[in-house]
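S.K.: what would the 3D arrangement of this be:
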Amino acid sequence: MKSLGVHLQYSFDPSAQQGAQVRNPLFDLLWAVRENGSIQHAAKALGLSYRHVWGSLKQWQEVLGEPLVSWSQGQPARLTPFAERLVWAETRARTRLTPHIEALRVELERALAEARDGDQHVLTIYASHDLALPALRELASRQQRLHVELRFAGSVDALRALAEGRCRIAGFHVPPLPDSPKLFAQALKPLLKPGQHKLIGFSRRAQGLMVAPGNPLSLRTLADVVRTGARFVQRQTGSGTRLLTDHLLQDAGLPADALNRHELAAEDSHIAVAAAIASGLGDVGMGIQAAAQSFGLAFVPMANEDYFLVGLKDALDHPAVLKLRAVLGSTDWQQTLAAVPGYEPPAIGAAGEVLSLTKALPWWHFKQAKASVAPLGLLPTG
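M.R.: Purely as a prediction, here's the structure:
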């Protein structure tokens, strides 16, 4: 077997990149063949000639030393088992690293922006993984010449970065918690102080179970996941989604270790969980609707949650934060948010509006519920 190395590179381009995609022509070819069932149809989908696609596949087979496509007369072209393993391994690796790739790209864009215009405002945001935030970053650059240095981390880690002065704004998410806020309060209250910190409205989004197309295991609740022994792809400790999962287990009267998740590595983003499920490594995981849709997965809504940005009170008057709030309050942002599956405007206040902790998080001064706990922020699952 040939010994092969991987070489990464980047380029400067007049058009802005959306998200953190790292493209390679080999995988574009393989996905096109997989989705279209023939080299001819794959070539058409890619806007290339049959001769070009066929020649490229032969060249890649020589480089890799393995056959990539198999077919027989009258039968659709199929990826070989090696090629199937390759495309899914590459997809999982790329999606798992997406937050880090995005951080690298932002650092390079910041360096370029500072070299070209030293007066451009820069705002560092540590935030729980979210698929709408990169769109906000692009809009802020176009509207306000504001460079948002976006770094994804779990909700707890993002708030810790704010407390340690590593960012001016942080992002976290939490479901409505009128009756049973214990888990979220234990994790978040030490990092947020009423009067000292102020929230900024961002969005409301749907979280739920991401499952294979058609939901073959008929999973509707976490109790179903436990009952069937489905392989659960978990998020990393300290993430808001991990907190939400543990919260929903507690509400259902299930132990924290009830899910079959111990043999699968924890993932640090919604799209990494979706990629693991789409590749067959897991059967189900918690995530946002937009991530499920990006991998063609079915989505079972479980809870609506509020996503907030937060900063110190005296940071609200900083020019970069004022620009950010102006973008959030714009019609362009409302239209952008409406285009992301499962997202809607904030349920508390408006996007860009400053909110107090006690107003936006009524569970802040919580008391132990005396009655049985009702499901919180649940959406219909039918």
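S.K.: mind listing the strands for this protein?
M.R.: Counting by DSSP state E, the chain has strands at residues 69-70, 78-79, 121-127, 146-152, 169-174, 197-211, 232-233, 284-288, 298-312, 343-344, 354-355.
S.K.: low-confidence bits of the stretch 101-250 of the chain, can you list those?
M.R.: For the stretch 101-250 of the chain, residues meeting the criterion pLDDT under 70 lie at 103, 106-107, 109-120, 180.
S.K.: who's in contact with the nearest residue to V327 once chain neighbours are set aside?
M.R.: Leaving aside its chain neighbours, V327 sits nearest to A140 (4.8 Å; criterion: CB to CB, 6 or more residues apart in numbering). For the C-beta atoms, the positions are set from N, CA and C on the backbone; glycine is no exception. By CB atoms under 8 Å, 6 or more residues apart in numbering, the residues touching A140 are L123, L146, H147, V148, K323, L324, V327.
S.K.: again, but for E353
M.R.: Contact partners of E353, counting by CB under 8 Å, 6+ apart, are I200, G201, G329, P346.
S.K.: what about burial for the residues you listed, which qualify?
M.R.: I200, G201, P346 (16 or more other CB atoms under 10 Å).
S.K.: ok, so of these, who is nearest L357?
M.R.: I200 (11.9 Å; CB to CB).
S.K.: quick check, the closest one in contact with L357.
M.R.: No. I200 is beyond contact range of L357, at 11.9 Å (criterion: CB atoms under 8 Å).
S.K.: can you check the pLDDT for the most centrally placed residue in the chain?
M.R.: For the chain, H270 is the residue whose C-alpha lies nearest the centre (CA atoms, centre = their mean; 3.9 Å). Per-residue pLDDT puts H270 at 94.
S.K.: name the nearest residue to it, sequence neighbours excluded.
M.R.: If the residues on either side of it in the chain are set aside, H270 comes closest to A291, at 3.7 Å by CB to CB, 6+ apart.
S.K.: likewise R166?
M.R.: Per CB to CB, 6+ apart, closest to R166 is Y126, 6.6 Å.
S.K.: that neighbour: neighbouring residues, count only.
M.R.: Neighbour count for Y126, taken as other CB atoms under 10 Å: 25.
S.K.: shouldn't it be in contact with A153?
M.R.: Yes. Contact criterion CB under 8 Å: Y126 and A153 qualify, at 5.2 Å.
S.K.: please give me every residue in contact with Q335.
M.R.: The contact partners of Q335, by CB under 8 Å, 6+ apart, come to none.
S.K.: relative to L357, how far out is it?
M.R.: 29 Å (CB to CB, to the nearest Å).
S.K.: also G240?
M.R.: Per CB to CB, G240 is found 16 Å from L357.
S.K.: more crowded one of these two?
M.R.: Neighbours per residue, other CB under 10 Å: of G240 and L357, the larger number sits with G240, 26 against 21.
S.K.: excluding chain neighbours, what is closest to that one?
M.R.: S155 (3.7 Å).
S.K.: and for W60?
M.R.: Closest to W60 by CB to CB, 6+ apart is L26, at 5.2 Å.
S.K.: is it correct that that neighbour is in contact with Q61?
M.R.: No. Counting by CB under 8 Å, L26 stays clear of Q61, with 10.3 Å between them.
S.K.: out of these two, which sits in the busier spot?
M.R.: L26 (19 against 16).
S.K.: ok, the more buried one to V33 distance?
M.R.: Counting by CB to CB, the separation of L26 from V33 is 11 Å.
S.K.: domain ranges for this structure?
M.R.: Domain assignment for the chain by automatic domain parsing gives 25-96, 98-360.
S.K.: need the winner for burial among these.
M.R.: domain 98-360 (a mean of 19; mean count of other CB atoms under 10 Å).
S.K.: show me what contacts H173?
M.R.: Counting by CB under 8 Å, 6+ apart, H173 has contacts S128, D130, S155, R205, G240, E305, D306, Y307, F308.
S.K.: now those residues in JSON lines, with distance to G280?
M.R.: Converted to JSON lines, these look like this (distance: CB to CB, whole Å):
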{"residue": "S128", "distance to G280": "27"}
{"residue": "D130", "distance to G280": "26"}
{"residue": "S155", "distance to G280": "29"}
{"residue": "R205", "distance to G280": "27"}
{"residue": "G240", "distance to G280": "26"}
{"residue": "E305", "distance to G280": "28"}
{"residue": "D306", "distance to G280": "33"}
{"residue": "Y307", "distance to G280": "30"}
{"residue": "F308", "distance to G280": "35"}
